[in-house]
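have a look; sequence and predicted model below, questions after that.
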Amino acid sequence: MTAAPTADVLRLEGIRRSFQQGETRLDVLRGADLSIAAGEIVALVGPSGAGKSTLLHIAGLLERPDGGTITVAGQRCDGLGDGPRTALRRSAIGFVYQFHHLLPEFSAIENVVLPQMIAGAARPAARQRGRDLLARVGLAARLDHRPAQLSGGEQQRVAIARALANAPKVLIADEPTGNLDHSTAEAVFEMLVEVVRSTRVGALIATHNLDLASRMDRVVEMRDGVLVGQ
Ligand SMILES: Nc1ncnc2c1ncn2[C@@H]1O[C@H](COP(=O)(O)OP(=O)(O)OP(=O)(O)O)[C@@H](O)[C@H]1O
């Protein structure tokens, strides 16, 4: 697995985030810095409650930090209003979660077509891209199956294809194989690496699986609110 990183697709600098819990203030992120290049896969590890999901939400433009700067695909995000932020999130960032969150009434391909149509794509082009992406994740023969007709690993493959539907620059994943048995997790992980490499997306993947983490390009650990080991 050799990456040939070029420009950074994601840059976080001095990210701070606190939560008020009753009388106490919890300083979860205390100045977290991270850069990810195109085609690079970075593992985010750390104990439960360390702030990994909080960081992913901020990096994915789902939440705003209390301080610090975020640059996605070369665009500074901290000064953006809600509308442009949402537009940038939809076009530049893909998400994969531990549970697939596919729409149960829609087929595999429709789950991949829908985000493209929301982003303004024409239906034939979206269908073609959906077919290509599902073939890439090994599901060319499962296009018209609904999520309930697919195995857990196949559902997660559709979720990965959906995350890449709008050709994002950044892929954010929170325990993407956490709900799968060992051999299925291995297969899905290998496929994820493959599509990250071939699409040149930069990936930030939170995981408790240290074996998988060690096979990514870099491991960063959330410790006392900052990222270490870059
Ligand atoms: N909206 C919120 N309001 C109050 N506290 C919060 C909120 N979101 C997160 N926290 C707290 O911030 C800390 C970090 O939570 P976070 O979910 O980011 O950790 P994590 O590293 O992802 O944990 P896990 O590995 O268990 O998923 C926790 O103590 C959590 O209770």
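In hand now; what should we look at?

helices of this structure, residue ranges please.
52-59, 82-92, 108-118, 123-136, 152-163, 182-199, 210-214 (DSSP state H).

excluding its backbone neighbours, what's nearest Ala167?
Excluding the flanking residues, the one nearest Ala167 by CB to CB, 6 or more residues apart in numbering is Thr199, at 7.3 Å. Any C-beta I mention is one placed from the backbone N, CA and C, and that applies to glycine too.

export the helices of the chain to a markdown table and tack on mean pLDDT?
Output for the helices of the chain, formatted as a markdown table (pLDDT from 0 to 100):
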| stretch | mean pLDDT |
| --- | --- |
| helix 52-59 | 96 |
| helix 82-92 | 93 |
| helix 108-118 | 95 |
| helix 123-136 | 96 |
| helix 152-163 | 95 |
| helix 182-199 | 91 |
| helix 210-214 | 93 |
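
nearest to the ligand, of those helices?
Within the helices of the chain, the stretch nearest the ligand is helix 52-59; the backing value is 3.3 Å (CB to the nearest ligand atom).

give me the contacts around that closest one.
Helix 52-59 is contacted by residues 10, 12, 15, 17, 28-29, 32, 34, 44-46, 63-65, 70, 170, 172, 174, 204, 206, 222, 227 when judged by CB atoms under 8 Å, 6 or more residues apart in numbering.

near the ligand, which of those residues show up?
Val28, Gly46 (CB under 6 Å from any ligand atom).

just give the nearest non-adjacent residue to the residue nearest the centre of the chain, would you?
Note on the chain: the residue nearest the mean C-alpha position is Ile172, at 1.6 Å, using CA atoms, centre = their mean. Spatial nearest neighbour of Ile172, excluding adjacent residues (CB to CB, 6+ apart): Gly60 at 4.5 Å.

now for the one you found: which residues touch it?
Arg89, Ile93, Phe95, Val170, Ile172.

what's across from the residue nearest to the centre of the chain in the sheet?
Note on Ile172: beta-bridge partners by DSSP bridges are Phe95, Leu204.

before we move on, back to that, show the buried residues in the contacts of helix 52-59.
If you count burial by 16 or more other CB atoms under 10 Å, the buried members of the contacts of helix 52-59 come out as 10, 12, 15, 17, 28-29, 32, 34, 44-46, 65, 70, 170, 172, 174, 204, 206, 222, 227.

what about these, which are in strands?
Judged by DSSP state E, the buried ones among the contacts of helix 52-59 include 10, 12, 15, 17, 28-29, 32, 34, 44-45, 70, 170, 172, 174, 204, 206, 222, 227 as members of strands.

so what does Ala119 look like in phi/psi?
Backbone torsions for Ala119, taken as degrees, to the nearest 10, come to phi -80, psi 0.

mind listing what it touches?
Neighbouring residues of Ala119 by CB under 8 Å, 6+ apart: Arg90, Ser91, Asn166.

ok, the last one touching Arg89?
No: shown here, Asn166 and Arg89 do not form a contact pair, counting by CB atoms under 8 Å, at 10.2 Å.
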